[in-house]
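# Next comes the sequence, and after it the predicted model I'd like to discuss.
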Amino acid sequence: MLKKDLLPLLRRFKKAGVKAGPSIREIEVATADDATLLQMFLGRDGDRMRAPVLASGPTIFAGSDDTYYRSMLKR
């Protein structure tokens, strides 16, 4: 997904999470500014959504973390 299409998609969710190194960062999408959301979900090239991304219910998550995935799917 390209950068221009990313914000409308992300704004559909209540929560957004990202795996950054060993830590996980979660935010409320409604209170996040566009720059924060783009920083969390754009890949290294700055123009495409990073991968992997999992969306379940009210939450979207970028990065790979099995424990977080399981907790997301239980919500």
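Arrived safely.

# Run through the neighbouring helices and strands of the worst-scoring helix or strand of the chain on mean pLDDT.
One helix or strand of the chain scores below all others by mean pLDDT, DSSP states H and E: helix 66-74, with a mean of 86. Packing partners of helix 66-74 (3 or more CB pairs under 8 Å, 6 or more residues apart in numbering; DSSP states H and E): strand 15-20, strand 53-56, strand 59-62. Yep, even glycine has a C-beta here, placed from its N, CA and C like the rest.

# okay, that helix in PDB with CA atoms only?
What follows is helix 66-74, C-alpha atoms only, in PDB (Å, rounded to 0.1, in the frame of the first residue of the first chain):
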ATOM      1  CA  ASP A  66       3.700 -13.700  18.200                       C
ATOM      2  CA  THR A  67       2.700 -12.800  21.700                       C
ATOM      3  CA  TYR A  68       1.200  -9.500  20.600                       C
ATOM      4  CA  TYR A  69      -0.600 -11.300  17.700                       C
ATOM      5  CA  ARG A  70      -2.200 -13.800  20.100                       C
ATOM      6  CA  SER A  71      -3.300 -11.000  22.500                       C
ATOM      7  CA  MET A  72      -4.800  -9.100  19.500                       C
ATOM      8  CA  LEU A  73      -6.700 -12.000  18.200                       C
ATOM      9  CA  LYS A  74      -8.200 -12.700  21.700                       C
END
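
# what's in contact with that helix?
Under the criterion CB atoms under 8 Å, 6 or more residues apart in numbering, residues 17, 19, 24, 54, 56, 57, 59, 61 lie in contact with helix 66-74.

# Mind telling me the two of those residues farthest from one another?
With CB to CB as the measure, no two of those lie farther apart than 19 and 57, at 18.5 Å.

# Show me which of these two is the more surrounded one.
More crowded of residue 19 and residue 57, by other CB atoms under 10 Å: residue 19, with 17 against 11.

# List the residues that contact the more buried one.
Applying CB under 8 Å, 6+ apart to residue 19 gives the contacts 61, 62, 63, 64, 65, 68.
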